[in-house]
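>>> Predicted model follows, preceded by the sequence.
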Amino acid sequence: MPLRDPVKIAIAQARRLKVKICRECGARNAPTAKKCRRCKSKNLRWKRIERKR
């Protein structure tokens, strides 16, 4: 069942793409995270987002 509502699509994309990834263990963390939930490292990066052309 594909989504057709643009508001729901934006919410779903934000949930899937706006996360921080730990460079040490690869865990997904909340966008507000200051350190990793799994290994407690502070070496976090934003998840890469593929841009549409």
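On my side now, so go ahead.
>>> Who are the contact partners of the most centrally placed residue in the chain?
Per CA atoms, centre = their mean, the C-alpha nearest to the average position across the chain is that of V19, at 2.0 Å. Residues near V19 by CB atoms under 8 Å, 6 or more residues apart in numbering: R28, N29, A30, P31, W46, K47. (Each C-beta comes from the backbone N, C-alpha and C, glycine too.)
>>> Among the residues you listed, which lie within helices?
Among the contacts of V19, no member falls in helices (criterion: DSSP state H).
>>> how long is stretch 14-29 end to end?
Between the start and the finish of stretch 14-29 there is a gap of 13 Å, counting by CA to CA, to the nearest Å.
>>> What residues of stretch 42-51 count as buried?
Of the residues in stretch 42-51, those with enough neighbours to count as buried (16 or more other CB atoms under 10 Å) are L44.
>>> and that stretch, C-alpha only, in CSV?
Extracted as CSV, the C-alpha positions of stretch 42-51 are listed here (Å, rounded to 0.1, in the frame of the first residue of the first chain):
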residue,chain,number,x,y,z
LYS,A,42,31.0,10.9,20.6
ASN,A,43,32.1,10.2,17.0
LEU,A,44,28.7,10.6,15.2
ARG,A,45,27.8,11.7,11.7
TRP,A,46,24.5,12.4,9.9
LYS,A,47,23.2,9.7,7.7
ARG,A,48,23.9,10.4,4.0
ILE,A,49,20.9,11.4,2.0
GLU,A,50,20.7,10.7,-1.7
ARG,A,51,19.5,13.8,-3.4
